[in-house]
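Trainee: Kindly return the folded structure for what I paste below:
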Amino acid sequence: MKIYSFIDEFSSFSPCILTLGVFDGVHMGHQKIIQNLIFRSEKKYCPVLLTFYPHPKEILNPGKKFFYLNTLPERIYNLKKLGVKHLIIHPFTINFSKLSTKNFFKKILHSKFRIKEIITGYDSHIGKNRDGSHEKLKKFSHIYGFNLIKVEPYIFNKKIISSTDIRKSILLGNIQWANKALGSFYTLSGNVIKGKGIGNTIDFPTANLQVDSKKLIPKNGVYAVKINYMDNIYRGMLNIGVNPTINPKNQKINIEVHIFDFFEKIYGKKIDVLIIHMIREEKKFNTLQELKEHLRKDEINIKKFFSCEKKN
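Mentor: Numbers count the residues shown, from 1 in each chain. Predicted structure coming up:
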């Protein structure tokens, strides 16, 4: 896969077939669009995926924090895995957002890409104030001589898959639905950093994870997880929360994973935590002993969950 940091970096002798969007999460709906892009190129056209970073919502609403389903490296990895050949990651700026749909087509899409087909999602909007609806794009297709293909939404359990709904599900702890909508396990990746070592004192040593500050963190609670470390997969339990039993005044979210039957020191090492299922919400206990006993129950429940999953 060839990656370009700006639209102007891209050039092709062949006419192009293009799809464009943010593709945060690269979920099942996105995958349907990308599969169409690759299939319809048929070696005749140059397939191009144009995406943007940062997310438009982050730029257009600077006072409101925005969190991503994928970090940019994760998005690139997922798109490469799907077979994208040419990936343009164009900076989304205030000036770029002011480009009208007409000028976007005339000055960029038509002049730069020699487009023969554009593939869009069912609710795609292009240009300033998202005024480029599918109906408007169809008019431009006649002017500039390209085919416009609209991909119907991906529906799961009678619900249209969208990045917005996946975010909501993750924040509610509905990880299993989010995973099915994503087509993969929601993952937190980062380096292991030193914590306070309290887990060791209650026989539950944990790896404290430092994740990208813009990554969406699931609801506080305990989760059944799989851990990828050095291409080996382990099972474990993840705790996301403020550790109310240990430090009632703490407001900082900690991400700690206890890896079953694992005894290596991995400070500074990168791990990927694949979140499978939420076991319970975060809870404050009266004593460390009470916390320890409940963690033991959590471990038993998670091992039972994995045992049942294996049988199914």
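Trainee: Distance of residue 146 relative to residue 49?
Mentor: According to Cβ to Cβ, to the nearest Å, residue 146 and residue 49 sit 16 Å apart. (Each C-beta comes from the backbone N, C-alpha and C, glycine too.)
Trainee: What of residue 64?
Mentor: Distance from residue 64 to residue 49, by Cβ to Cβ: 27 Å.
Trainee: Compare these two (neighbour count), which wins?
Mentor: More crowded of residue 64 and residue 49, by other Cβ atoms under 10 Å: residue 49, with 24 against 8.
Trainee: Need the phi and psi values for that one.
Mentor: As for residue 49, its main-chain torsions (degrees, to the nearest 10) stand at phi -110, psi 120.
Trainee: Which residue ranges of this protein form strands?
Mentor: 2-4, 16-20, 46-53, 86-91, 115-121, 147-151, 155-156, 159-160, 186-193, 207-211, 221-229, 232-241, 254-259, 270-281 (DSSP state E).
Trainee: Output those in JSON lines; the columns should cover distance to residue 97.
Mentor: Formatted as JSON lines, the strands of the chain follow (distance: least, Cβ to Cβ, whole Å):
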{"stretch": "strand 2-4", "distance to residue 97": "20"}
{"stretch": "strand 16-20", "distance to residue 97": "14"}
{"stretch": "strand 46-53", "distance to residue 97": "10"}
{"stretch": "strand 86-91", "distance to residue 97": "11"}
{"stretch": "strand 115-121", "distance to residue 97": "18"}
{"stretch": "strand 147-151", "distance to residue 97": "22"}
{"stretch": "strand 155-156", "distance to residue 97": "30"}
{"stretch": "strand 159-160", "distance to residue 97": "26"}
{"stretch": "strand 186-193", "distance to residue 97": "29"}
{"stretch": "strand 207-211", "distance to residue 97": "28"}
{"stretch": "strand 221-229", "distance to residue 97": "37"}
{"stretch": "strand 232-241", "distance to residue 97": "34"}
{"stretch": "strand 254-259", "distance to residue 97": "33"}
{"stretch": "strand 270-281", "distance to residue 97": "33"}
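Trainee: what sits against residue 241?
Mentor: 220, 221, 253, 254, 282 (Cβ atoms under 8 Å, 6 or more residues apart in numbering).
Trainee: Need the residues that contact the helix or strand bottoming out on mean pLDDT in the chain.
Mentor: Lowest by mean pLDDT, DSSP states H and E among the helices and strands of the chain is helix 198-201, with a mean of 71. Outside of helix 198-201, the residues that reach it under the criterion Cβ under 8 Å, 6+ apart are 205, 206, 246, 256, 258, 288.
Trainee: Could you export it as PDB, CA atoms only?
Mentor: Taking C-alpha atoms only, helix 198-201 is exported to PDB below (Å, rounded to 0.1, in the frame of the first residue of the first chain):
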ATOM      1  CA  ILE A 198      -0.700  -2.300  44.800                       C
ATOM      2  CA  GLY A 199      -1.800  -5.200  42.600                       C
ATOM      3  CA  ASN A 200       1.200  -7.200  43.700                       C
ATOM      4  CA  THR A 201       0.200  -6.800  47.400                       C
END
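Trainee: buried ones in that helix?
Mentor: Across helix 198-201, burial judged by 16 or more other Cβ atoms under 10 Å covers 198, 199.
Trainee: the domain parsing of this structure - what is it?
Mentor: Domain assignment for the chain by automatic domain parsing gives 2-159, 185-311.
Trainee: got TSV for those domains, with distance to residue 175 too?
Mentor: Below are those laid out as TSV (distance: least, Cβ to Cβ, whole Å):
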stretch	distance to residue 175
domain 2-159	12
domain 185-311	5
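Trainee: Please name whichever of those domains is nearest to residue 176.
Mentor: Comparing these against residue 176 with Cβ to Cβ, the closest turns out to be domain 185-311 (6.0 Å).
Trainee: So what's the gap between the closest one and the chain middle?
Mentor: On the basis of Cα atoms, centre = their mean, to the nearest Å, domain 185-311 sits 20 Å off its chain's mean C-alpha point.
Trainee: re the thing from before, return the member of the contacts of residue 241 nearest to residue 57.
Mentor: Distances from residue 57 to these, taken by Cβ to Cβ, are shortest for residue 253, at 21.4 Å.
Trainee: Report the contact partners of the closest one.
Mentor: So residue 253 contacts 217, 220, 240, 241, 242 (Cβ under 8 Å, 6+ apart).
Trainee: Could I get the phi/psi values of it?
Mentor: Torsion angles, degrees, to the nearest 10, at residue 253: phi -80, psi 130.
Trainee: I'd assumed residue 240 was in contact with residue 225.
Mentor: No: counting by Cβ atoms under 8 Å, residue 225 sits too far from residue 240 to count as a contact (10.3 Å).
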